[in-house]
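K.L.:
whatever this is, show me its structure:
(one chain, ligands or ions: 3)
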Amino acid sequence: MKINVKKDKSENTKTEVLIIGHFEKEKFSHPALDKKLKGRISKAIKEKKFEGEFKQLHSVSSLGLIAPEKILLVGLGKKKEFDLEKLRKISGFTAKVVRDGKVTSFATTLTEEDVKGRNIEEKSLTIVEGILLGLYQFDRYKTEEKEKQPKVREVTLLTSDVKKSKTGVKKGEILANATNYVRDLVNMPACEATPTYIANEAKKIAKQHKIKIRIFGKKELEKKKMNAILGVSKGSSQEPKLVVLETNPKAKKKIALVGKGITFDSGGLDIKPESFMLDMKSDMAGAAAVLATVMVAAKLKILINVLGVMALTENMPGASAQKPGDIVTAYNKKTIEIANTDAEGRLVLADAVAYAEEQKPAAIIDLATLTGSCIVVLGYSGAVLVSNNDKLKNAIKKSADETFERVWELPLWDDFREAIKGEIADVRNLGKFPKGYEAGTITAATFIEAFIEKTPWAHLDIAGTAWYEQEKEYISKAATGYGVRLLIHFLENWK
Ligand code: BES
Ligand code: ZN
Ligand code: ZN
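P.N.:
Ligands and ions are numbered 1, 2, ... in the order given. Coordinates of the predicted model:
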C-alpha cells in the first residue's frame, strides 16, 4: 500500500473518501469545507445527527461541490481525553470501514487533530500504525478471490508539515509491517511454520539487513549440552533450532531478547485436551516478536548490540517423548525434574536465557506465551511482567504505557522460589503447591529466574496478548503481533 503525505486543503483533495475527525461539543475544524458544502456538516452537528461521540460515523456526499467524492466524519470523543492510543484506534477503525465499503484510496486529516503534547511526527506514525495494523488480513490460504477482503491501495495524510509527517510515516510503516510479519508467522499453520522454516526466515532477514546469525541444530545443541531444549524436542520429528541473531556487534550497550518458539504445543505426553490444543501453533509468538524486533532494530539503526535468541522446537508426544518424572541437566548444569511435559516453555527458555547470559548483555528480556494462568490474571489486555531489576522493569513499563502494549507486574517472592525446588533434582518445572497451578504465571517466571545468575532480567508472559479470538480497532482476530512496538521503544530509550 502506498502512503502519501500532502499539504492540500481538505476541500481540494482529490480522493474517493476523505476522513475527518470531530470532537464532541467542539467547533467543526474545517469551516471552509463546510461552507463549500453549503453548511451541511454544521447542520448535521446542529441537528444532533452527528455529535462526535468516539467512533460515531456520519457520511456526507460532496455532490461535486468539493474535490473529495465523499466525506466520512468520525467522532473523536472528548477533546481532553484524546490520546495517541485513541488516534491509533480511530485510524484503524475508519480504515476498515472504508475498506469494507470497497474503497481503494482515501485521505485523512486526522494528522492535524490535537493530541496533547504530541507533534506531527508522532501523530503521523500513530495513524500509519493504526491503518496498516487495522487493514491486516491473513488470506494467503484463501484460493478464491471473492473470499478475500478488498484491498486499499493508497492512503494520503493531509498535514501542515510534510517533512515531519513523512518521518513519522516511514517509521510507522516499519513498525506496523514488522508487527504484521509477526502476525503472519504466528497465524501460519504449524505444519508449515516449523523450527526449520522459522530458522530459514531468520537467515533471510539476517542476509537482507546484514545481521550476524548463528543457527544451532540438533547436533550443535547436543554438543553444547542444551538438554532442556533437546528434551522438549524428543517427541517430535522436527529438528529443534536455537537461532542467535546479533545487530551491531561492536556497540557498547548490549541487550538480549529471548523468545519462546514452540511451533506447536500439544502438551507432550501430558497432552492437552482438544479445545486447549487448537491454537497452539501460536506458541512461538515470543520468538517471532524477537525476530521482528531484531529486524527493526537493524532497519532503524538503533545503536545497541541487540542479541536475539529464539528457542525453536515442537512439543509432541512421539515414541521418544520426554516423560513426566524424567530429569534433564540444563545448559548451566542445573538439574530439572519434569513434573509436567506441558510446562515446556520454561524448559526451552532455561537453556536460552543461560546461553544469553553467557554473552554478557546488560539486560535480558524474555517473551513467552508461557502460561494459561496469565490469561486468568490479565485476560487479553496486557502481558504479565516479572523482573529482578527495578531500572529494567521501570523502563519496560514506560515503553508499555507509551506504545499501549501494556504490562502489569507480578512479584518474585521467596515463596515461589521455594515452590519450584526439586524433590530429587535442583528444580522442578511445576510449582509444588497443593494443586500445582497456583500462581502459575509467577512460578513459571521464577523457574526461568533460576537459570540466570546475576544479569538484570525481565520476563513478559504474552499468553493473553499474542492471540485474540476477536477483532479490535487495529488488532486483527488471531495473532496480534504483540511485542515489537514495545521492545523497539524500549531499545530506543535504554540508557
Ligand atoms: N503454551 C502454554 C501456555 C498457553 C496457554 C499459552 C494458553 C497461550 C494460551 C504452556 O506451554 C502451557 O501449556 N502451560 C501450562 C503449564 C501447566 C502445565 C503448569 C498451563 O498454563 O496450563
Ligand atoms: Zn505447554
Ligand atoms: Zn507452550
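K.L.:
nearest to ligand 3: which residue in the stretch 151-300 of the chain?
P.N.:
The minimum distance from the stretch 151-300 of the chain to ligand 3, using CB to the ion, falls at Asp265 (3.7 Å). Quick note: C-beta positions are derived from backbone N, CA and C, even for glycine.
K.L.:
what's that residue in contact with, if anything?
P.N.:
For Asp265, the contact set (CB atoms under 8 Å, 6 or more residues apart in numbering) comprises 272, 277, 280, 283, 314-315, 342, 344-345.
K.L.:
okay, now the unreliable bits of the stretch 51-200 of the chain?
P.N.:
Nowhere does the stretch 51-200 of the chain drop to pLDDT under 70.
K.L.:
for it, what spans make up the helices?
P.N.:
Ranges of helices in the stretch 51-200 of the chain, per DSSP state H, counting those that start in this stretch, are 84-100, 120-134, 162-187, 195-208.
K.L.:
and what of the stretch 351-495 of the chain?
P.N.:
Ranges of helices in the stretch 351-495 of the chain, per DSSP H, counting those that start in this stretch, are 372-378, 390-403, 414-419, 440-449, 484-493.
K.L.:
who wins for proximity to Asp426 among the ones you listed?
P.N.:
Between Asp426 and the helices of the stretch 351-495 of the chain, the shortest gap by CB to CB is with helix 440-449, which sits at 10.9 Å.
K.L.:
tally of neighbours for Lys495?
P.N.:
5 (other CB atoms under 10 Å).
K.L.:
let the chain start at 50 from now.
P.N.:
Taking 50 as the first residue, the last one we looked at is Lys544.
K.L.:
measure it to ligand 1 for me?
P.N.:
Distance of Lys544 to ligand 1, computed by CB to the nearest ligand atom, to the nearest Å: 33 Å.
K.L.:
the helices of the stretch 400-544 of the chain: which one's closest to Gly101?
P.N.:
helix 439-452 (26.3 Å).
K.L.:
so that closest one versus helix 533-542, what angle?
P.N.:
130 degrees (axes from the mean of the first three to the mean of the last three CA atoms, to 10 degrees).
K.L.:
helix 439-452 packs against which elements?
P.N.:
strand 412-417, strand 432-436, strand 456-458, strand 506-510, helix 533-542 (3 or more CB pairs under 8 Å, 6 or more residues apart in numbering; DSSP states H and E).
K.L.:
name the nearest residue to the closest residue to ligand 1 within the stretch 150-299 of the chain, sequence neighbours excluded.
P.N.:
Using CB to the nearest ligand atom, the closest approach of the stretch 150-299 of the chain to ligand 1 is made by Val281 at 9.8 Å. Closest residue to Val281 apart from its sequence neighbours, by CB to CB, 6 or more residues apart in numbering: Glu393 at 4.5 Å.
K.L.:
which pLDDT value goes with that neighbour?
P.N.:
Glu393 is assigned 98 on the pLDDT scale.
K.L.:
same thing with Lys58?
P.N.:
89.
K.L.:
so what's the residue count around it?
P.N.:
Residues near Lys58, counting by other CB under 10 Å: 14.
K.L.:
residues touching the nearest residue to it once chain neighbours are set aside, list them.
P.N.:
Distances taken as CB to CB, 6+ apart place Ala81 nearest to Lys58, at 7.0 Å, with adjacent residues excluded. Ala81 makes contacts with 58-60, as judged by CB under 8 Å, 6+ apart.
K.L.:
three-state assignment of Ala81?
P.N.:
helix (DSSP: H, G, I helix; E, B strand; the rest coil).
K.L.:
so which bits of the stretch 200-349 of the chain are right by ligand 3?
P.N.:
Contact residues, the stretch 200-349 of the chain versus ligand 3 (CB under 5 Å from the ion): 311, 314, 332.
K.L.:
right, is the helix or strand that the residue of the stretch 150-299 of the chain closest to ligand 1 is a member of up against ligand 2?
P.N.:
Here Val281, judged by DSSP states H and E, is contained in helix 276-282. No. Judged by CB under 5 Å from the ion, helix 276-282 makes no contact with ligand 2; its nearest approach is 9.2 Å.
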